[in-house]
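1. I'll drop the sequence and a predicted model, then ask my questions.
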Amino acid sequence: MSKMSKPDQPFVAQHAVPKGVVSTRWWWIRHAPVREDGGCIYGQEDIGCDTSDRVVMEAVGKILPHDAVWFASNLKRTHQTAEAIWAAGYPRPSLLIQEAAFAEQNLGEWQGLNRAAFFASRPIEVGSYWFAPIDDPAPGGESFLDVYTRVKAAVDRINVEQAGRDVIVAAHGGTIKAAIGLALGGLVEKGLAFTIDNCSVTRLDHLASDSHSGWRLPMVNQQPWIADISHKAMHQPAGPEITTESKLA
């Protein structure tokens, strides 16, 4: 028997929650791919998404906790994604709470512009991460810092209202990047460095005690269907990447 194998001894979780600490576990799901955008930036435009791949939706549902409170943004693509997860076998919750603060960034006059042409016109250090620097608002819309501010306010409130629970949120790439920036200690721009793929799951744990509060990041951009390349159509990368036969390559 290996020296590392001691089945007679109890397993001790490496990341157990200490006594006296309240853990509120956030499970962020990016909505399913949008197919009807015509290659254009859509931001807060209320367009639908493709939830047709039941295997993907079932795989996502299998890693989500059942005794959870569900939230979604006020845009229908997040509602459609939640409905598809439930239809694939996840027990339907009694309530889906709409939270407008979890909507995608309002990209104002950039909405409707050709996405490829827009990014080709941007400085490479901007286009590699997001539409613009965090404090640069879209004409007639929001900056990413605006998104972060509203996401933070909602998360802070829900951490109090739902303390100690599992919170599942069907949301958007920008929303989730903002939540990651919050979990990194308010480093807003660092959240933009993370890729958040469609249907992926990101978990962020808020830990609070009488004397301290902070965050732990158990997983980011988890794709539980990833081993089966037949479902690669559900994968819409947020930036350039190497194309391979298998996503495991």
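-> The structure has been received and is ready for your questions. Predicted, not measured: the structure shown is a model, and the values here were computed from it.

2. quick check: closest non-adjacent residue to D210.
-> Closest residue in space to D210, ignoring its immediate chain neighbours: G20 at 7.3 Å, by Cβ to Cβ, 6 or more residues apart in numbering. To be clear about C-beta, it is placed using only N, CA and C from the backbone, and glycine gets the same treatment.

3. looks to me like that neighbour is in a helix.
-> No. Using DSSP: H, G, I helix; E, B strand; the rest coil, the assignment for G20 is coil, not a helix.

4. now do the helices in this protein.
-> Applying DSSP state H to the chain gives helices spanning 54-62, 76-87, 115-120, 124-127, 144-161, 173-183, 188-191.

5. what about the spatially closest residue to R54 that is not a sequence neighbour, neighbour count?
-> Excluding the flanking residues, the one nearest R54 by Cβ to Cβ, 6+ apart is A88, at 5.2 Å. Using other Cβ atoms under 10 Å, A88 has 18 other residues around it.

6. gap between A88 and V56?
-> Separation of A88 from V56 (Cβ to Cβ, to the nearest Å) stands at 8 Å.

7. please apply the same query to A208.
-> Distance of A208 to V56, computed by Cβ to Cβ: 34 Å.

8. comparing these two, which shows the higher neighbour count?
-> Neighbours were counted for A208 and for V56 using other Cβ under 10 Å; V56 has more, 26 against 18.

9. burial count for the nearest residue to I47 once chain neighbours are set aside?
-> The spatial neighbour of I47 that comes closest, neighbours along the chain excluded (Cβ to Cβ, 6+ apart), is E36 at 5.5 Å. Using other Cβ under 10 Å, E36 is surrounded by 11 other residues.

10. ok, now A84?
-> 25.

11. OK, contacts around the residue nearest to R54?
-> Residues in contact with A88 (Cβ atoms under 8 Å, 6 or more residues apart in numbering) are 54, 57-58, 60-61.

12. what's it sitting at in phi/psi?
-> Main-chain torsions, A88, degrees, to the nearest 10: phi -90, psi 0.

13. can I get the helix or strand of the chain with the lowest mean pLDDT in PDB, CA atoms only?
-> One helix or strand of the chain scores below all others by mean pLDDT, DSSP states H and E: helix 124-127, with a mean of 72. Output in PDB follows, covering the C-alpha atoms of helix 124-127 (Å, rounded to 0.1, in the frame of the first residue of the first chain):
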ATOM      1  CA  ILE A 124      -4.300  45.500 -28.500                       C
ATOM      2  CA  GLU A 125      -4.100  45.900 -24.700                       C
ATOM      3  CA  VAL A 126      -7.800  46.800 -24.600                       C
ATOM      4  CA  GLY A 127      -9.100  44.300 -27.100                       C
END
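
14. determine the number of other residues adjacent to A120.
-> If we define neighbours as other Cβ under 10 Å, then A120 has 9 of them.

15. mind pulling up the pLDDT for the closest residue to C40 other than its chain neighbours?
-> Spatial nearest neighbour of C40, excluding adjacent residues (Cβ to Cβ, 6+ apart): G112 at 5.4 Å. pLDDT, G112: 97.

16. before we move on, back to that, weed out the non-buried ones from the contacts of A88.
-> Applying 16 or more other Cβ atoms under 10 Å to those, the neighbour count classes 57-58, 60-61 as buried.
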